[in-house]
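K.L.:
Show me how the following folds:
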Amino acid sequence: MTPNHPDAEGQPTGQVEVGDVVEVEVGPVAHGGFCIARYEGRVVFLRHALPGERVRAVVTEAKEGQRFVRADAVEVLVASDHRVQPPCRFAGPGLCGGCDFQHVELGHQRELKAAVVREQFSRLAHLDVDVVVEPVPGDVDGLGWRTRVEFAVDESGRAGLRRHRSHSVLPVDTCLIADDRVVATGVLGRDWSGSQAVDVVAPSTGEPVVVPVPAAGAAVGEDGPPTVVEHVAGHRFTGDFQVSARGFWQVHPGAAATFVDAALEALAPREGETALDLYSGVGLFAAALAESVGPGGKVVAVESDGDAVAAAAANLAARPSVLALRARVDDAFGVARPKRSGPGSRAQRSRKLRRHPLLPLRADVVVLDPPRTGAGKDVVAQVVALEPRAVAYVACDPAALARDTASFLEAGYRLSGLRAFDAFPMTHHVECVALFER
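P.N.:
Numbers count the residues shown, from 1 in each chain. All right, here's what the predicted structure looks like:
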């Protein structure tokens with residue numbers, strides 16, 4: 001390996017190349033499923049390690065001039081007390097990229113996730129938060145929970161899972177975090193030539209569904225993917241929901257009820273209030289809010305995906321107090337979409353901004369459940385302009401939540417509650433439910 005010594009200003013002077021083996025002391029966990037280490041002036045984003053360990057790691061990504069490289073721990077010289085043998089033989093350096101923490105004792109996985117949430121809030125929102133990552137009801141050992149899995153298909157037609165940060169497909173014959181019914185469909189032993197992927201859904205009611213995803217350019221069936229029914233049985237709300245087999249639904253069987261219960265507990269909606277459900281999907285939170293505000297209240301749900309809105313129409317048909325709008329949330333508020341470069345960006349800048357006429361001017365409570373990128377400061381500003389007494393923010397990315405928290409704080413709201421849930425055991429993902437109040 002080429003010597004790599006930092007210069008007087010701390011800049012690395014040597015070249016670290018892919019395939020080099022380095023020996024490092026492992027530092028803190030970071031957002032994204034890796035730990036931070038340092039090697040002769042360079043930051044090392046290190047997978048399959050634990051804070052406090054000493055490991056030998058193989059460099060997997062390195063670019064000339066960058067101050068960081070990516071690496072996999074391939075030999076543990078000094079092990080953490082929290083290290084365990086990964087239960088899955090496909091988990092490890094160079095193998096499946098789906099699980100980040102199979103080498104970590106389950107309780108400590110949650111401690112690491114809590115540390116990431118605290119770090120993101122400290123760095124991006126300048127808040128010190130005391131948070132504990134709670135298990136989702138029904139979880140015992142962190143395995144067998146994933147009810148929706150998309151398997152990639154390689155050139156020979158075999159189904160498998162992608163390697164970390166790669167389009168390469170690793171053929172597998174099982175997936176230990178998947179619901180047993182997913183593997184029992186036999187999807188991993190069949191020839192899927194002509195498909196780019198195959199989705200398997202094991203819903204809470206009914207039999208599992210297998211949906212091949214045609215390769216790019218292949219004809220798509222007129223009927224589209226089938227619909228499944230998901231049953232939600234929480235402490236504060238119970239209901240059934242139609243969902244496309246390829247649509248969005250929480251993959252942990254206990255997650256939907258857990259998040260609805262947490263949001264309702266935080267908001268405490270009252271009879272006759274006006275509620276807003278943003279990024280409303282198939283109407284899960286809208287239905288729960290409608291039940292809480294009663295026939296004298298009003299719920300407006302906003303969702304951009306056409307299939308989800310169609311499903312919401314069926315799911316909310318018996319709740320006349322709910323109005324479902326098909327629109328992007330930023331479009332509905334009449335604010336500019338996030339800037340992007342490339343094709344279409346000029347048309348985006350010239351589009352006329354107009355607030356949706358059916359969006360209320362005031363709301364008592366709001367549920368925000370945005371995609372991984374977060375709501376963004378412009379949407380947060382519009383939510384604040386509604387003058388809600390409380391906002392429940394359901395977040396799948398702690399960094400996006402922390403950035404939007406800073407926007408709420410600047411607008412005069414306070415973070416008065418924060419819960420975190422381990423809805424994705426063995427991975428670095430964590431779900432948060434935050435409460436903002438004036």
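K.L.:
so what pLDDT did the closest residue to Arg438 other than its chain neighbours get?
P.N.:
Of all residues not flanking Arg438 in the chain, Tyr413 sits nearest, at 5.8 Å (Cβ to Cβ, 6 or more residues apart in numbering). For glycine as for every other residue, the C-beta is placed from the backbone atoms N, C-alpha and C. With respect to pLDDT, Tyr413 scores 98.
K.L.:
where's Ser168 relative to Gly94, distance?
P.N.:
Distance from Ser168 to Gly94, counting by Cβ to Cβ, to the nearest Å: 10 Å.
K.L.:
Summarise which helices and strands the helix or strand harbouring Glu150 is packed against.
P.N.:
Secondary structure from DSSP states H and E places Glu150 in strand 148-153. On a contact count with 3 or more Cβ pairs under 8 Å, 6 or more residues apart in numbering; DSSP states H and E, strand 148-153 meets strand 159-162, strand 195-201.
K.L.:
list the buried ones in it?
P.N.:
For strand 148-153, burial by neighbour count (16 or more other Cβ atoms under 10 Å) applies to 148-149, 151-153.
K.L.:
Of all pairs in these, which one spans the longest distance?
P.N.:
The most widely separated members of the buried residues of strand 148-153, counting by Cβ to Cβ, are Arg148 and Val153 (16.8 Å).
K.L.:
can you give me the helices for this protein?
P.N.:
Along the chain, the segments classed as helices by DSSP state H run 106-120, 180-184, 255-267, 284-293, 306-315, 329-333, 345-350, 377-385, 398-410.
K.L.:
wait, which of those helices is closest to Thr238?
P.N.:
When the helices of the chain are ranked by proximity to Thr238, the top entry is helix 255-267, at 8.3 Å, counting by Cβ to Cβ.
K.L.:
And the pLDDT for the spatially closest residue to Phe90 that is not a sequence neighbour?
P.N.:
Spatial nearest neighbour of Phe90, chain neighbours left out: Cys96 (4.4 Å); criterion: Cβ to Cβ, 6+ apart. You'll see Cys96 listed with a pLDDT of 97.
K.L.:
measure Cys96 to Ser193 for me?
P.N.:
Taken as Cβ to Cβ, the spacing of Cys96 relative to Ser193 amounts to 22 Å.
K.L.:
more crowded one of those two?
P.N.:
Using other Cβ atoms under 10 Å as the criterion, Cys96 and Ser193 rank with Cys96 on top: 20 against 12.
K.L.:
hey, which helix or strand in the chain has the poorest pLDDT?
P.N.:
One helix or strand of the chain scores below all others by mean pLDDT, DSSP states H and E: helix 345-350, with a mean of 51.
K.L.:
Point out where the protein drops to low pLDDT.
P.N.:
Within the chain, the segments meeting pLDDT under 70 span 1-14, 217-222, 340-351.
K.L.:
Outline the domain layout of it.
P.N.:
Domain ranges of the chain: 21-83, 146-221, per automatic domain parsing.
K.L.:
and Ala125, how far is that from Asp369?
P.N.:
Taking Cβ to Cβ as the measure, Ala125 falls 19 Å from Asp369.
K.L.:
Please compare those two by neighbour count and tell me which comes out ahead.
P.N.:
The residue with more neighbours, out of Ala125 and Asp369, is Asp369; 22 against 19, by other Cβ under 10 Å.
K.L.:
residue contacts, the residue lying closest to that one once chain neighbours are set aside?
P.N.:
Leaving aside its sequence neighbours, Asp369 sits nearest to Val394 (Cβ to Cβ, 6+ apart; 4.2 Å). When contacts are counted by Cβ atoms under 8 Å, 6 or more residues apart in numbering, Val394 touches 259, 263, 285, 367-369, 431-433.
K.L.:
Now with 7 Å, please.
P.N.:
Applying Cβ atoms under 7 Å, 6 or more residues apart in numbering to Val394 gives the contacts 259, 263, 367-369, 433.
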